[in-house]
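Asker: model the structure of this input:
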Amino acid sequence: MRKFAAEKLEQLLAGISMPVYAPVEDGSTVIYGRYEPGMRLRLDKLGTDRTPKEVLFPQWESLMHFKMEGKKIQLTEEERANEDYVLFGVRACDMQAIRVLDRVFLSDPVDTYYAARREHGTIVGLACDAPGKNCFCKNFGIDPAQPDADVVLWPAGDEYFCEAYTDKGLALLNGWDTLEADECAVAAIKEEIGKKYDALPFARLNLNGFDGEHLMEKFESPQWKKLSMACLGCGSCTFSCPTCQCYDIRDYDTGNGIQRYRCWDSCMYSDFTLMAHGTNRPTQLERYRQRFMHKLVYFPSRNEGMYSCVGCGRCIEKCPMNLHIVKVIRALGEGEKE
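Answerer: From the prediction side, this is the model:
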């Protein structure tokens, strides 16, 4: 266990020899952007407006270019990421979201674009010492005091405690000017964080019954009609979610060949997966149900109980109609935990 003075944090970041992506102000929003000295770090911001997912899985990216030369097609793939970088200040919920993305993009067939970015990144997690009222990550087995990252920081007033958990994390931490620290101090911080989370409004959500064994019971629930009735299909929930991974593939005529790129899409849109024959979910009820069944039932039933919701609370904040996932859990679940 090591520690350093909080006033030295920006100096440490500036001394890292590779690009650093951290929560920074971008106008009126907080994003995980490339940090440069002089930028305002926003490590105080829970549920950043844009998530660290964008560093690994950008909103849009070019995949390849191709053009016809006579009867031949000349195809040029985009180069994969090859630059090491640091992703800094990732909360436990967002770190778990990255693990969810790993299940999707690193499973066979591997998404080589995502895999390259993942391989070159070193992630520094940040324990949540001041949870917000919309946080409920502990309900999904996530420890807000222990992000599953290469390095973890614990804020403690005018200093930070830190520890490395992987070889990449150790290589990064060895370059920092730190002092030996007492592990007992961090144990006390973790205990205090746990108490704060146990007192939050959504701390007693009950996830019993959200598994593969109750699939049809949940799917056929009459509650879906009532829950989805006011849904606008705006996609705010999906674009603010750190685990949503739906995308579309588009070809664009550049005038000098075709550029193929992919961009985020939303299962809440009426034209999602639209083909010549139509779409397999023509109503907003079906689209609304699909989103939450995937998060709470389908994904965990296929991934050893790992939920595709991490309790970050962003959808609670962003939904203009207040139709967030907590309402679904309460409507279809078994009441609050004792």
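Asker: gap between Arg99 and Arg250?
Answerer: With distances defined as C-beta to C-beta, to the nearest Å, the gap from Arg99 to Arg250 amounts to 29 Å. For every residue, glycine as well, the C-beta is placed using N, CA and C.
Asker: now Glu54
Answerer: Going from Glu54 to Arg250 by C-beta to C-beta gives 19 Å.
Asker: so the two - more neighbours on which side?
Answerer: Glu54 (15 against 12; other C-beta atoms under 10 Å).
Asker: assign that one to helix, strand or coil.
Answerer: Using DSSP: H, G, I helix; E, B strand; the rest coil, the three-state assignment for Glu54 comes out as helix.
Asker: can you name the residues that contact it?
Answerer: For Glu54, the set of contacting residues under the criterion of C-beta atoms under 8 Å, 6 or more residues apart in numbering consists of 31-32.
Asker: how far away from the center of its chain is stretch 25-44?
Answerer: 18 Å (C-alpha atoms, centre = their mean, to the nearest Å).
Asker: mind listing what's buried in it?
Answerer: Within stretch 25-44, the residues scored as buried using 16 or more other C-beta atoms under 10 Å are 30-33, 35, 41-43.
Asker: also stretch 6-22?
Answerer: Neighbour-count burial for stretch 6-22 flags 9, 12-13, 16, 19-22 (criterion: 16+ other C-beta under 10 Å).
Asker: reformat the buried residues of stretch 25-44 as JSON lines; add distance to Lys218 and pLDDT.
Answerer: As requested, the buried residues of stretch 25-44 are exported to JSON lines (distance: C-beta to C-beta, whole Å; pLDDT from 0 to 100):
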{"residue": "Val30", "distance to Lys218": "35", "pLDDT": "96"}
{"residue": "Ile31", "distance to Lys218": "35", "pLDDT": "96"}
{"residue": "Tyr32", "distance to Lys218": "34", "pLDDT": "96"}
{"residue": "Gly33", "distance to Lys218": "39", "pLDDT": "95"}
{"residue": "Tyr35", "distance to Lys218": "43", "pLDDT": "96"}
{"residue": "Leu41", "distance to Lys218": "42", "pLDDT": "94"}
{"residue": "Arg42", "distance to Lys218": "38", "pLDDT": "95"}
{"residue": "Leu43", "distance to Lys218": "38", "pLDDT": "95"}
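Asker: between those residues, which sits nearest Leu106?
Answerer: Out of the buried residues of stretch 25-44, the one with the shortest distance to Leu106 is Tyr32. That distance is 20.2 Å, counting by C-beta to C-beta.
Asker: which residues touch the closest one?
Answerer: 21-24, 48, 50-52, 54-55, 87.
Asker: for Gln11, see how far away it is.
Answerer: From Tyr32 over to Gln11 the distance is 21 Å, taken as C-beta to C-beta.
Asker: same question for Glu77.
Answerer: As for Glu77, its distance to Gln11 is 40 Å (criterion: C-beta to C-beta).
Asker: now do Tyr197
Answerer: Taking C-beta to C-beta as the criterion, Tyr197 is separated from Gln11 by 31 Å.
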